[in-house]
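Student: I need the structure of the sequence given here:
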Amino acid sequence: MKADLKAAQEVIELITGGWRAQAVHTAAKLGLPDHIEAGRTTSGELARATGAEEEGIRRLMRLLVAMGVFEGDHQSGYINTPVSEALMDRPGSMRDMCLLYGEEFYTAWGRAAECFTTLTAGFELAYGEALYPYLDGHKDMADRFQRTMKAGNLFFDYVPEVFDFSGGKTIVDCGGGNGHLLSVLLRAAPDARGKLIDRDHVIPIAREYLSREVGLDRVELYGGDMFKAVPEGGDVYLFCRVLAGWTDDDAVEAFRLCREAMTGPDARLLVLDRTVTDENSTVLPALWDLHLLMTNGGRHRSDELFRSLLDRAGFDIERIATLPMETTALIAAPRA
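Tutor: Modelled structure (predicted):
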């Protein structure tokens with residue numbers, strides 16, 4: 001019987017995905033998009049600029065052109081595409097994400113079989129320490145991690161379209177990181193004020209960012225553990241992509257603390273996250289769910305599981321909205 005050539009080709013496409021990822025990672029690490037932008041467009045010029053062998057650059061670029069990352073050829077030189085421009089070393093690019101995913105997280109995925117069979121995070125298996133404690137002791141990676149999170153925040157500008165933050169509201173961002181989301185919301189609602197809580201070592205980063213973007217006169221910063229206490233007096237409490245690495249009981253406790261700290265029945269709690277379903281799932285949410293298991297032992301939750309956790313904490317979901325990048329906004333009201 002003849003082999004199923006279509007199936008064989010699909011298998012090859014799947015199992016060589018890691019090679020493609022490493023080729024893109026190498027381009028970002030060597031700064032090839034930036035060198036091309038600066039006019040170093042031939043294999044020889046790129047080799048001299050990066051300290052690499054010309055043959056290696058030529059063979060790497062052959063693949064990257066075939067993948068649509070660059071255009072051109074060895075003879076006439078290369079030009080950037082929108083894909084390679086997104087990997088340039090400049091604010092708002094995806095370069096840090098590419099570096100993190102191609103190095104530490106790629107190493108973690110190398111322990112995939114053991115991770116999936118034991119439910120032990122691949123990162124912990126590879127590095128001997130859980131992700132967040134590891135970040136606390138490795139500033140360079142912690143900085144890249146924060147910039148990576150920012151690069152994945154493409155839906156932030158759309159959050160004010162699904163909830164009204166105006167009217168003098170106080171917004172409390174729980175696990176708010178560098179303050180990017182809070183700054184977007186404060187710019188969208190000039191009469192609003194903000195409070196941000198995150199781990200102690202993150203607060204200086206948030207202070208620097210928020211002072212530049214909206215001014216510290218509109219925000220209060222709190223270093224601490226959002227599973228033990230949250231700032232009081234908020235009209236809106238936010239959890240944006242911070243609960244996946246924590247247990248259901250942890251999430252319920254954080255929600256309960258917000259319920260106690262809210263100003264009153266008109267206050268709301270917003271959960272912004274990717275949600276998953278076992279029925280007719282698309283690839284991206286399922287892939288990110290596995291990546292969470294790989295990096296911090298976490299998982300994405302379904303809308304119904306969030307509904308159950310919020311119910312345990314005294315909230316009812318009043319509305320669910322869709323955001324870009326397959327992100328969901330769950331808006332919950334405190335139960336009377």
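Student: Show me which positions of stretch 61-76 end up buried.
Tutor: 61, 64-65, 69-70, 72, 74 (16 or more other C-beta atoms under 10 Å). For the C-beta atoms, the positions are set from N, CA and C on the backbone; glycine is no exception.
Student: Check the spacing between residue 165 and residue 119 real quick.
Tutor: 38 Å (C-beta to C-beta, to the nearest Å).
Student: now for the helix or strand bottoming out on mean pLDDT in the chain, which elements pack on it?
Tutor: Taking mean pLDDT, DSSP states H and E as the measure, the chain has helix 139-151 as its least confident helix or strand, at a mean of 83. Counting by 3 or more C-beta pairs under 8 Å, 6 or more residues apart in numbering; DSSP states H and E, the packing neighbours recorded for helix 139-151 are helix 95-102, helix 131-136.
Student: So what's the gap between the last one and the chain middle?
Tutor: From the chain centre to the centre of helix 131-136 is a distance of 16 Å (C-alpha atoms, centre = their mean, to the nearest Å).
Student: What are the contacting residues of that helix?
Tutor: Contact with helix 131-136 is made by 121, 123-124, 127, 141-142, 145, 199, 201, 245, 295-296, as judged by C-beta atoms under 8 Å, 6 or more residues apart in numbering.
Student: hmm, try it at 6 Å
Tutor: Residues outside helix 131-136 that contact it (C-beta atoms under 6 Å, 6 or more residues apart in numbering) are 123, 127, 142, 145, 295-296.
Student: And residue 221, its phi and psi?
Tutor: phi -110, psi 140 (degrees, to the nearest 10).
Student: tally of neighbours for it?
Tutor: For residue 221, the count of nearby residues is 20 (other C-beta atoms under 10 Å).
Student: So which residues of the stretch 101-250 of the chain form helices?
Tutor: According to DSSP state H, counting those that start in this stretch, the stretch 101-250 of the chain carries its helices in the segments 104-109, 112-118, 122-127, 131-136, 139-151, 180-188, 203-213, 248-261.
Student: Quick check: the two most widely separated of the buried residues of stretch 61-76?
Tutor: 69 and 74 (15.2 Å; C-beta to C-beta).
Student: just the CA coordinates of stretch 24-41, formatted as PDB?
Tutor: Provided in PDB are the C-alpha atoms of stretch 24-41 (Å, rounded to 0.1, in the frame of the first residue of the first chain):
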ATOM      1  CA  VAL A  24      13.800  32.900  13.900                       C
ATOM      2  CA  HIS A  25      15.400  33.100  17.400                       C
ATOM      3  CA  THR A  26      18.900  33.200  15.800                       C
ATOM      4  CA  ALA A  27      17.900  36.000  13.500                       C
ATOM      5  CA  ALA A  28      16.600  38.000  16.500                       C
ATOM      6  CA  LYS A  29      19.600  37.200  18.700                       C
ATOM      7  CA  LEU A  30      22.100  38.300  15.900                       C
ATOM      8  CA  GLY A  31      20.000  41.400  15.200                       C
ATOM      9  CA  LEU A  32      19.700  40.600  11.500                       C
ATOM     10  CA  PRO A  33      16.500  42.700  11.000                       C
ATOM     11  CA  ASP A  34      18.300  45.700  12.600                       C
ATOM     12  CA  HIS A  35      21.400  45.200  10.500                       C
ATOM     13  CA  ILE A  36      19.300  45.000   7.300                       C
ATOM     14  CA  GLU A  37      17.500  48.200   8.300                       C
ATOM     15  CA  ALA A  38      20.900  49.900   8.700                       C
ATOM     16  CA  GLY A  39      21.800  48.900   5.100                       C
ATOM     17  CA  ARG A  40      23.900  45.800   5.700                       C
ATOM     18  CA  THR A  41      21.900  43.600   3.300                       C
END
